[in-house]
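> quick one: sequence plus predicted model below, questions after.
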Amino acid sequence: MASIHKEFIIDARPEAVWAVLSDYGAVHERLAPGFVIDTHLGSDTRTVTFADGTIVLERLVDLDHEARRVAYTVIGGSLHPSHHHASMQALPEAGGRTRFVWHTDVLPDALAAPIAEFVEHGSTVIRRTLEAAPPARPDSAPTGGPAR
């Protein structure tokens, strides 16, 4: 099984990053606009359309407001993994910044290279988007589903 792990520092507060990351149905608008061009949310799934035409159906595994972590698995679409599990987490870093952690496990190994490219490109867009976003209001509650 291939594991793809990406961490980077974002010059934004963890609660502001989480407010965006936890908005599970708005990836194309708030987290990775331009990289993701459309997101449709179902009960526990979302259909994500990427700028290159790739479409994936992802099932929400966990949305943990306390740990500021979202986990999901690809269950259909253009990619055909026999296994895919990914998580993204917003961790506090010194100076009010955020360590963004994105981890993906995937089978077959042949999908590791294309998914690693997605993660690399997506990370660049996510960092740029979150650093440009206005700060979250202290009273704003993250959306996207029930807390677990």
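That came through fine.

> what about stretch 46-66, average pLDDT?
Per-residue confidence for stretch 46-66 averages out to 96 on the pLDDT scale.

> end to end, how far does that stretch reach?
Taking CA to CA, to the nearest Å as the measure, stretch 46-66 stretches 22 Å from start to finish.

> quick one: contacts of that stretch?
Stretch 46-66 is touched from outside by 18, 22, 24-25, 27-28, 34-40, 44-45, 69-79, 85, 87, 118, 142, 144-148, with contacts defined as CB atoms under 8 Å, 6 or more residues apart in numbering. Glycine gets a C-beta too; all of them are placed from N, C-alpha and C.

> just the CA trace of stretch 19-31, in CSV.
What follows is the C-alpha trace of stretch 19-31 in CSV, where atoms were taken according to Å, rounded to 0.1, in the frame of the first residue of the first chain:
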residue,chain,number,x,y,z
ALA,A,19,-13.9,26.6,9.6
VAL,A,20,-12.9,26.1,5.9
LEU,A,21,-11.7,22.5,6.1
SER,A,22,-14.8,21.3,7.9
ASP,A,23,-17.1,22.8,5.3
TYR,A,24,-17.2,19.4,3.6
GLY,A,25,-19.5,20.4,0.7
ALA,A,26,-17.7,23.6,-0.3
VAL,A,27,-14.2,22.4,-1.3
HIS,A,28,-14.6,24.1,-4.7
GLU,A,29,-15.5,27.5,-3.1
ARG,A,30,-13.5,27.7,0.2
LEU,A,31,-10.6,25.2,0.4
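
> quick check: buried residues in that stretch?
For stretch 19-31, burial by neighbour count (16 or more other CB atoms under 10 Å) applies to 19-28, 30-31.

> what do you get for stretch 123-134?
Of the residues in stretch 123-134, 123, 125-127, 129-130, 133 count as buried by neighbour count, 16+ other CB under 10 Å.

> could I get those as CSV with secondary structure and distance to Arg97?
Written out in CSV, the entries for the buried residues of stretch 123-134 read as follows (DSSP: H, G, I helix; E, B strand; the rest coil; distance: CB to CB, whole Å):
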residue, secondary structure, distance to Arg97
Ser123, helix, 15
Val125, helix, 18
Ile126, helix, 14
Arg127, helix, 11
Thr129, helix, 15
Leu130, helix, 11
Ala133, coil, 14
